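**Q** Next come a sequence and a model predicted from it.
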Amino acid sequence: MFERITPIYIIRAHLDTIRNKDTKKLYKDDVFLLFCLPILIGFFFVGINLLIEEKMASNLLTILSISVPLLFSLLVLIYDMGQNIQSKEHLLDKEAKLSVTNSTSDNVSFMVFWSIIIVIVLGVYLLIGYTFDIFAKENFHNFQLLIQIFSLIIYWLLGVFILTLLMVLKRTQILISSSFPPNT
């Protein structure tokens, strides 16, 4: 029923970029780094009472709302790079470059999806905050658990986003630098 809008393909494609090509198993170190470490950092921040407040949530919402169109533009650039690589018959490492291009595209698509999730979570958090005035100092103790849960989720989502962004940056740098002749 929801085949046209399900993100399962995007998530699987992203996970395939951190999967061993021979054994088809996920690299445990990468799973820990990309998904477990952000939740641990989130627990640390919530534990020291560094919670996501109204202004920070609003600023993050603005930043991520701006980043989604930029990520779509990056997808178009990666597609163009892939097309350019395919059109070059004489390219020696064509398959390797196409593999990196495909992985980068999968990661950027995941980042777009992940950004949308973060925007939704931040929007719900702010909507609840404004509706029930949870950000007021006199209401903090009544809603402290809710604020902590949202803060933990937001920190985890942001951590996954930032680490995936770093992975995309590395792969994009590999693609771009491999397009130039080596320095000698």
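**A** On my side now, so go ahead.
**Q** Go ahead and flag the most central residue of this structure.
**A** The centroid of the chain falls nearest to Phe161 when counting by Cα atoms, centre = their mean (2.8 Å).
**Q** Next one: that one relative to Met81, how far apart?
**A** Phe161 sits 23 Å away from Met81, going by Cβ to Cβ, to the nearest Å. Where C-beta positions appear, they are placed from N, C-alpha and C, glycine not excepted.
**Q** picking up where we left off before, so what's the backbone phi/psi at the residue nearest to the centre of the chain?
**A** phi -60, psi -50 (degrees, to the nearest 10).
**Q** Would you mark the buried spots in the helix or strand bottoming out on mean pLDDT in the chain?
**A** Lowest on mean pLDDT, DSSP states H and E among the helices and strands of the chain sits helix 54-87, with a mean of 91. Buried positions in helix 54-87, judged by neighbour count with 16 or more other Cβ atoms under 10 Å: 57, 60-61, 64, 67-68, 71, 74-75, 78, 81-82, 85.
**Q** picking up where we left off before, need the contact list for the residue nearest to the centre of the chain.
**A** Contact partners of Phe161, counting by Cβ atoms under 8 Å, 6 or more residues apart in numbering, are 111, 114-115, 118.
**Q** how about the helices in the chain?
**A** Listed in chain order, the helices of the chain (DSSP state H) span 8-16, 28-31, 37-47, 54-87, 94-132, 140-177.
**Q** Let me know the average pLDDT across the shortest one.
**A** The reference is to helix 28-31. What helix 28-31 shows for mean pLDDT is 97.
**Q** And the longest one, by the same measure?
**A** When pLDDT is averaged along helix 94-132, the result is 94.
**Q** And that helix, what's buried?
**A** Within helix 94-132, the residues scored as buried using 16+ other Cβ under 10 Å are 97, 100-101, 103-115, 118-119, 121-122, 125-126, 128-129.
**Q** What of the first one?
**A** Going by neighbour count (16+ other Cβ under 10 Å), the buried part of helix 8-16 is 10, 13-15.
**Q** Over to the last one?
**A** Of the residues in helix 140-177, 143, 147-148, 150-161, 163-165, 167-168, 171-172, 174-175 count as buried by neighbour count, 16+ other Cβ under 10 Å.
**Q** Ala57 and Tyr125 touch, don't they?
**A** Yes - the criterion here is Cβ atoms under 8 Å, and Ala57 meets it with Tyr125 at 5.6 Å.
**Q** Give me the common contacts of these two.
**A** In contact with both Ala57 and Tyr125: Ile154, using Cβ under 8 Å, 6+ apart.
**Q** Tyr9 is in contact with Asp106, correct?
**A** No - with contact defined as Cβ under 8 Å, Asp106 does not count as touching Tyr9 (9.6 Å).
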